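Have a look at this fold, sequence not included:
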Ligand code: SAH
């Protein structure tokens, strides 16, 4: 198909056939799965996936590509092409609670990676797992463990609700046009219960965000405005942590302990 990719829609099409196949087999789709694809593009992944699953819903925001896909896949009984923005798509409404949880798939547009992940996690009760291609730096941040330089508030946010795993790296020239950086194929296995018990999620995330706001500071200094000195001292004592600890050393459990205290 002759088509000029639109940069503002994050159109980087995956053209490497070997990688396409590698991705589909890594997804481990089952014949009774319902899958939502984000950004079907020219439908190259769509074609592989529809043959493996019970039902595939493919979102594409671009009207031109949508028209192309409709024609290309006319008459397919287990595929529905939808001309919608994933950020405005209500998964709860679309996929009834009575049915199995869905799997989400996407070589997603890089310009809205975090909003897409945030949006999907809002519907985590309806989702079994998410398979996405994201920029390498971003994947490293999502999957980072405490103590590593990539560990930050987004790692905590995602790991609280899912178990991320980097499945493999993808070179930038597997895409057309090639983006500036390499990518990763990533799986988020959505947790049915959160990673740690938290009494007040708003406070928990507020503490995490503030803690990482100035990551060179000690925890004590970054949290100065929201947690009193006495409370912090209690926390360090009770959980045997150094009062000079830096935020990137704290696990989700530590942050939960602090918020619950
Ligand atoms: N899956 C295809 C295309 C990847 S490029 C492939 O692997 O080759 C990303 C695709 O997402 C583009 O087709 C782009 O038009 C679409 N897209 C961009 N923003 C979107 C949004 N908000 N909602 C749904 N699709 C979007």
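Happy to help now that I have it. Please read these numbers as outputs of a predicted model, since none were measured by experiment. Numbering: from 1, shown residues only.

ranges for the helices of the stretch 1-150 of the chain?
In the stretch 1-150 of the chain, the helices defined using DSSP state H, counting those that start in this stretch lie at 17-27, 44-50, 63-72, 91-94, 113-122, 136-143.

Let me have those in CSV, extended by mean pLDDT.
Converted to CSV, those look like this (pLDDT from 0 to 100):
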stretch, mean pLDDT
helix 17-27, 97
helix 44-50, 97
helix 63-72, 97
helix 91-94, 95
helix 113-122, 97
helix 136-143, 97
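
Would you convert those into TSV that also reports distance to residue 207 and mean neighbour count?
Bear in mind the C-beta positions are built from the backbone N, C-alpha and C, glycine included. Listed next are those as TSV, based on distance: least, Cβ to Cβ, whole Å; neighbours: other Cβ atoms under 10 Å:
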stretch	distance to residue 207	mean neighbour count
helix 17-27	35	15
helix 44-50	39	19
helix 63-72	42	15
helix 91-94	29	13
helix 113-122	18	18
helix 136-143	19	20
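
burial of the closest residue to the ligand within the stretch 151-261 of the chain, as a residue count?
The stretch 151-261 of the chain approaches the ligand most closely through residue 175 (7.6 Å), counting by Cβ to the nearest ligand atom. Neighbour count for residue 175, taken as other Cβ atoms under 10 Å: 21.

got the contact list for the closest residue to it other than its chain neighbours?
Closest residue in space to residue 175, ignoring its immediate chain neighbours: residue 12 at 4.2 Å, by Cβ to Cβ, 6 or more residues apart in numbering. By Cβ atoms under 8 Å, 6 or more residues apart in numbering, the contact set of residue 12 is 5, 107, 110, 175, 176, 177, 178, 179.

Report the spatially nearest residue to the fifth one, omitting neighbours in sequence.
The one in question is residue 176. residue 15 (4.7 Å).

Whichever of the contacts of residue 12 end up buried, select them in ChimeraX.
Those of these that count as buried under 16 or more other Cβ atoms under 10 Å are selected in ChimeraX with:
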select :5,107,110,175
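
Lowest pLDDT pick from the contacts of residue 12?
Across those, the bottom pLDDT score, 89, is held by residue 110.
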